[in-house]
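Asks: need a 3D model of the sequence below.
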Amino acid sequence: WFFQLKGPEKENVLAEFQDALRQADASIFREVAQHPELHGMGTTLTLAYTLGANLFVANAGDSRCYLFHGGELMQLTCDHTLAQDMIRKGLAPVTQRGRLHRHLGHIVTNAIGGSMPGVWVEVHKAILTPGDVLLLATDGLSSYVPDERIEFTLRTEPDPKIACERLVAQAIEQGGHDNVTVIVARYET
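Replies: Model prediction:
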């Protein structure tokens, strides 16, 4: 039905994504109620959907969505981690942010499932222009490859498949031991 959306229906996409992620969260907790050994089971999710030039993004957790637009890399989503939550609330001095990320950046505070029911779904809408590049990536990339290197790779490699391979290789070269999942999509029309 997404491909048939027009006018005001199109604006409901973000609400539909939020509802779907909340349903997934509730489903995990129903499963945990029947199988207590699964307590704490959960996942992060970052998804993107395009309809024409409209980009819709939903996020829960510490995977990221980036948009490379006009030669500049922009992180569209926020990390839902203890470190980032403290920074957003002003509880971390600027001088301590790097240290905070190293020690608390792996503690996810918002996920589908996990230890507490009730996922918060971050949503975004943007307009794409030809040549824009979308990057979805797990923290296995963002924890090991700085944004500057990610930006350089997307700027210099036009082929999405090769860009993915290079980004994954960079994360592994930097000691990435976490799962490194990368999706690159180039918007042409």
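Asks: residue with max distance from the center of this structure?
Replies: Distance from the C-alpha centroid of the chain, by Cα atoms, centre = their mean, peaks at residue 34 (29.8 Å).
Asks: please enumerate the helices of the chain.
Replies: Here the chain has its helices, by DSSP state H, at 7-11, 13-34, 82-88, 97-104, 139-142, 147-156, 160-173.
Asks: so which of those is nearest residue 75?
Replies: Nearest to residue 75 among the helices of the chain is helix 147-156; the distance by Cβ to Cβ comes to 7.2 Å. Every residue, glycine included, has its C-beta placed from N, CA and C.
Asks: give me the contacts around the closest one.
Replies: With Cβ atoms under 8 Å, 6 or more residues apart in numbering as the test, helix 147-156 has contacts from 66, 68, 71-73, 75, 133, 135, 141-142, 163, 166-167, 170, 184.
Asks: now, among those residues, which is nearest to residue 109?
Replies: In terms of Cβ to Cβ, no member of the contacts of helix 147-156 lies closer to residue 109 than residue 142, at 16.3 Å.
Asks: got the contact list for the residue lying closest to that closest one once chain neighbours are set aside?
Replies: Distances taken as Cβ to Cβ, 6 or more residues apart in numbering put residue 64 closest to residue 142, at 5.4 Å, once the chain neighbours are dropped. Residue 64 is in contact with 46, 75-77, 79, 135-137, 139, 142, counting by Cβ under 8 Å, 6+ apart.
Asks: top of those residues by neighbour count?
Replies: residue 135 (27 neighbours; other Cβ atoms under 10 Å).
Asks: quick check, central residue of the chain?
Replies: Centre-most residue of the chain, counting by Cα atoms, centre = their mean: residue 64, 2.5 Å.
Asks: state the distance from it to residue 96.
Replies: Taking Cβ to Cβ, to the nearest Å as the measure, residue 64 falls 22 Å from residue 96.
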